[in-house]
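S.K.: here are the coordinates; sequence isn't available:
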């Protein structure tokens, strides 16, 4: 129904001399087979591109490093570079205690990077532009570090909210602020990624629409090229930000005392 409504709106807009395109159409989740409604079990375009992202991670990290050559191939070099980058990030932020959680954080980083990058392919779909996807990733991190914090520290984990360095009269106020800030984490964690990916793709679509107008086509093409370059950088930076915040939250769970 949403797809039909957008199609009718586009046709009506074209008839009235308005915009015949909708930059947000690229974010519509559609069934991969048929045109029926989308249910929780429906295989959609989002499902397809998430699966492709997972496949790319497997091809790079498993297949690409299977030979373990002394002189690495390009795929092995990329995999080793990604491995070292994430490992160093975890070690620097969380210390040696956090290294044991490297497999999960590495998987998270690689999935987000490939989902972001694949979304830049023309006619592709960007799963990380949807809050439904990023919220699940963020909630998994939030619940994981919270449970880990209580398992590792027991009630001492609550010391995360009690700022001992502050004057005693201010501590209850700061505790409330810290508590609210803690529960807002999954919201900000997920919205930041989805919002940045959606905004960039929408801007590219707007510039692409103006490429059909001869008078502004050269400027539009230059703008699209510049935006693509920027979005490649943003795709990596947003994966990095999501991952390093995960490391920061993990550090709080392992060492909750202020």
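M.R.: That came through, no problem. Just so it is clear, the structure is predicted and the values come from calculations on it, not from any experiment.

S.K.: what about the helices in the stretch 1-150 of the chain?
M.R.: 2-15, 45-58, 74-94, 102-118, 131-153 (DSSP state H, counting those that start in this stretch).

S.K.: any chance of those helices in CSV, plus mean neighbour count?
M.R.: Every residue, glycine included, has its C-beta placed from N, CA and C. Below are those laid out as CSV (neighbours: other Cβ atoms under 10 Å):
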stretch, mean neighbour count
helix 2-15, 12
helix 45-58, 17
helix 74-94, 16
helix 102-118, 20
helix 131-153, 17
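
S.K.: lowest-confidence stretch among these?
M.R.: Of all these, the minimum mean pLDDT falls on helix 2-15 (a mean of 43).

S.K.: Could you figure out how far the host helix or strand of residue 226 is turned away from helix 131-153?
M.R.: Assigned by DSSP states H and E, residue 226 belongs to helix 217-254. Interaxial angle of helix 217-254 relative to helix 131-153 (axes from the mean of the first three to the mean of the last three Cα atoms, to 10 degrees): 20 degrees.

S.K.: Next, the buried residues of helix 217-254.
M.R.: Under the neighbour-count criterion of 16 or more other Cβ atoms under 10 Å, helix 217-254 has 220, 223-224, 227, 231, 234-235, 238-247, 249-254 buried.

S.K.: tally of neighbours for residue 122?
M.R.: By other Cβ atoms under 10 Å, the residues close to residue 122 number 6.

S.K.: Report the separation between the closest residue to residue 44 other than its chain neighbours and residue 39.
M.R.: Excluding the flanking residues, the one nearest residue 44 by Cβ to Cβ, 6 or more residues apart in numbering is residue 29, at 5.0 Å. Going from residue 29 to residue 39 by Cβ to Cβ, to the nearest Å gives 11 Å.

S.K.: Which residue of these two possesses the greater neighbour count?
M.R.: Applying other Cβ under 10 Å to residue 29 and residue 39 shows that residue 29 carries more neighbours, namely 16 against 8.

S.K.: Let me see the contact set for that one.
M.R.: Contacts for residue 29 (Cβ atoms under 8 Å, 6 or more residues apart in numbering) come out as 38, 44, 45, 46, 130.

S.K.: Dihedrals phi and psi, it?
M.R.: Main-chain torsions, residue 29, degrees, to the nearest 10: phi -80, psi 120.

S.K.: One more: the one 5 residues further on?
M.R.: For residue 34, the backbone dihedrals (degrees, to the nearest 10) come out as phi 90, psi -180.

S.K.: what's the burial count for it?
M.R.: Using other Cβ under 10 Å, residue 34 has 8 other residues around it.

S.K.: what about it, distance to residue 41?
M.R.: From residue 34 across to residue 41, the span is 13 Å (Cβ to Cβ).

S.K.: now swap in residue 177 and tell me
M.R.: 41 Å.

S.K.: So for the two, which residue has more residues nearby?
M.R.: Using other Cβ under 10 Å as the criterion, residue 177 and residue 41 rank with residue 177 on top: 13 against 5.
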